[in-house]
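Colleague: Okay, structure incoming, though there's no sequence with it:
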């Protein structure tokens, strides 16, 4: 019985520790985000008003970034048909590096190229991955530094609560 | 005939032998002197005994390296051997071992700056050479603190013996930076007046914050320069899964250190 209580306590601690990782945003107004996608098409964060946007800063050399990408795909699938979009901002790598990476890893969300690091400076990103959840009005609501399993209930619930 | 042979042998060969013997004795003497100059350990006023790996070199400059992440500093030791062959003496104090700390980057946070200051002071006194400090990542904070502490009690003549510091991918935030929040650097950055050279791997988010860090260093009067190393991560020489580019860059460590020393010397 004691072992069972200890196990449940551990599970609770683990889940609450993970939920704590998603922190409410306290950084003020949303910085600008206007970048080209991998095909050279210019995109702006404002284009996605009315949707919940997950802005993830990532790099091909960052193992936690790669580890969390399948869970982002599953999250996208779980929210299919809902006003939710993922923008994965690559941190200053070349088009070739990113395209080579995409031949090995299957992702179909939008990749934006922050070639000169201006976006990551404006968003004050120090660690890869860093992820921001933006509400339909364009305000950042939550932030997470480091990798996560994005389709887990804690994260899914927070995102669903933000949907219009 | 036999006598003549002996005579010629004595006249021509014996002086050559004595000359060689003299050279050998001189070399042995110099070798012993060098061994004396490079101690096996140092004692600090805090009671710690810090063991050193030393790589004697003939030049007037000594690299005092503080290995960080792996603790053992395998690649630093290899680079030190190469540098010593090129004339740059290298001493690697085992600061983590002196405190029985695990070979982890985070252990560097626990190093007492006073001991670093004393190691710098003893190295300058014992070697009589110009000293350049080298460290990585989280080692930057205690080493800069120790250098600052030492500078404050050193004479101007002693201070001139400390050429500067080379930092590989330094981590100098006062608190772990959070996304969206302005990063704050430890106050030692803006108090440092030593010439500083930073190597930062291109494949690291820190690359984008290098200019901010450099501006912070200039506040204390430090003359700072840097190089972004292409196609490598921050800790390229201690990663578990090095790429071909990272292996090649690791081979270039001695060259990188020598280049940085030249830059630091030009700023003194």
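Modeller: Good, I have the coordinates. Bear in mind that the values here come from a model prediction, so they are computed numbers and not experimental data.
Colleague: where does chain A come near chain B, residue by residue?
Modeller: Contact residues, chain A versus chain B (CB under 8 Å from any CB of the partner chain): A:23, A:25-28, A:59, A:61, A:91-93, A:117, A:120-121, A:123-128, A:130, A:132, A:140, A:143-145. (C-beta placed from N, C-alpha, C; glycine too.)
Colleague: mind checking how far residue A:52 is from chain B?
Modeller: Relative to chain B, residue A:52 is positioned 18 Å away (CB to the nearest CB, to the nearest Å).
Colleague: Now a ChimeraX select for only the buried ones of the residues of chain A next to chain B.
Modeller: Filtering the residues of chain A next to chain B down to the buried ones (16 or more other CB atoms under 10 Å in any protein chain shown) takes a single ChimeraX command:
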select /A:25,27,59,61,91,92,93,120,123,124,125,126,127,128,130,132,140,143,144,145
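Colleague: neighbours of residue 122, just the number please.
Modeller: This is for chain A. 14 (other CB atoms under 10 Å in any protein chain shown).
Colleague: hmm, I had chain B in mind actually
Modeller: Counted with other CB under 10 Å, residue B:122 comes out at 18.
Colleague: Am I right that it is in a helix?
Modeller: Yes - assessed with DSSP: H, G, I helix; E, B strand; the rest coil, residue B:122 lies in a helix.
Colleague: What residue in chain A comes nearest to chain B?
Modeller: Among the residues of chain A, residue A:27 lies closest to chain B, at 3.2 Å counting by CB to the nearest CB.
Colleague: all strands for the chain, in order.
Modeller: Let's take chain A. With strands called from DSSP state E, chain A shows them at A:23-24, A:34-37, A:42-44, A:52-58, A:84-91, A:110-114, A:130-134, A:140-145.
Colleague: Sorry, I should have been clearer: chain B.
Modeller: So, for chain B - with DSSP E - the strands run B:41-43, B:49-55, B:61-66, B:89-93, B:130-136, B:162-168, B:196-203, B:224-233.
Colleague: residues in contact with the residue lying closest to residue B:85 once chain neighbours are set aside?
Modeller: Distance criterion CB to CB, 6 or more residues apart in numbering or on different chains; nearest residue to residue B:85, sequence neighbours excluded, is residue B:57 at 7.8 Å. Contacts of residue B:57 were listed using CB atoms under 8 Å, 6 or more residues apart in numbering or on different chains, and they are B:83-90.
Colleague: what comes up buried for stretch B:249-266?
Modeller: For stretch B:249-266, a neighbour-count test (16+ other CB under 10 Å) marks B:249-250, B:253-254, B:256-258, B:260-261, B:263-264 as buried.
Colleague: what's the closest of the residues you listed to chain A?
Modeller: Once CB to the nearest CB is applied, the member of these that ends up nearest chain A is residue B:249, at 13.7 Å.
Colleague: so the closest one makes contact with residue B:229?
Modeller: Yes - the criterion here is CB atoms under 8 Å, and residue B:249 meets it with residue B:229 at 6.0 Å.
Colleague: Need the residues touching each of the two.
Modeller: B:236, B:256.
Colleague: in the stretch 101-250 of chain B, which spans are helices?
Modeller: B:113-127, B:140-153, B:156-159, B:187-191, B:210-218, B:244-251 (DSSP state H, counting those that start in this stretch).
Colleague: Take these and lay them out in JSON lines including distance to residue A:155.
Modeller: Shown next, in JSON lines, are the helices of the stretch 101-250 of chain B (distance: least, CB to CB, whole Å):
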{"stretch": "helix B:113-127", "distance to residue A:155": "42"}
{"stretch": "helix B:140-153", "distance to residue A:155": "34"}
{"stretch": "helix B:156-159", "distance to residue A:155": "54"}
{"stretch": "helix B:187-191", "distance to residue A:155": "36"}
{"stretch": "helix B:210-218", "distance to residue A:155": "31"}
{"stretch": "helix B:244-251", "distance to residue A:155": "33"}
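Colleague: what's next to stretch B:260-268, contact-wise?
Modeller: Contact partners of stretch B:260-268, identified using CB under 8 Å, 6+ apart, comprise B:61, B:63, B:88, B:130, B:132, B:160, B:163-166, B:195, B:197, B:199, B:223, B:225, B:227.
Colleague: Emit the ChimeraX select command for whichever of the residues you listed are buried.
Modeller: The ChimeraX selection below is limited to those of these classed as buried (16+ other CB under 10 Å):
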select /B:61,63,88,130,132,163,164,165,166,195,197,199,223
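Colleague: how about the closest residue to chain A within chain B, phi and psi?
Modeller: The minimum distance from chain B to chain A, using CB to the nearest CB, falls at residue B:180 (3.2 Å). Dihedral pair for residue B:180: phi 80, psi 0, per degrees, to the nearest 10.
Colleague: show me the residues around it that make contact.
Modeller: Going by CB under 8 Å, 6+ apart, the list of residues near residue B:180 reads A:25-28, A:123-124, A:132, A:140, A:143.
Colleague: Mind doing that once more with 7 Å?
Modeller: Contacts for residue B:180 (CB atoms under 7 Å, 6 or more residues apart in numbering or on different chains) come out as A:25, A:27, A:123-124, A:143.
Colleague: What about residue A:100, how many residues nearby?
Modeller: Using other CB under 10 Å: residue A:100 sits among 12 other residues.
Colleague: Grab the nearest non-local neighbour of it.
Modeller: Computed as CB to CB, 6+ apart, the closest residue to residue A:100 that is not its neighbour in sequence is residue A:60, at 7.9 Å.
Colleague: I'd assumed residue A:93 was in contact with that neighbour.
Modeller: Yes - Residue A:60 lies in contact with residue A:93 (CB atoms under 7 Å); the separation is 6.0 Å.
Colleague: for chain A, where's the lowest mean pLDDT among helices and strands?
Modeller: Lowest mean confidence among the helices and strands of chain A (mean pLDDT, DSSP states H and E): helix A:2-21, at a mean of 43.
Colleague: sorry, back to before: possible to save the strands of chain B as CSV with distance to chain A and mean pLDDT?
Modeller: Putting these into CSV (distance: least, CB to the nearest CB, whole Å; pLDDT from 0 to 100) gives the following:
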stretch, distance to chain A, mean pLDDT
strand B:41-43, 36, 94
strand B:49-55, 31, 93
strand B:61-66, 24, 95
strand B:89-93, 29, 94
strand B:130-136, 18, 95
strand B:162-168, 17, 97
strand B:196-203, 4, 96
strand B:224-233, 6, 95
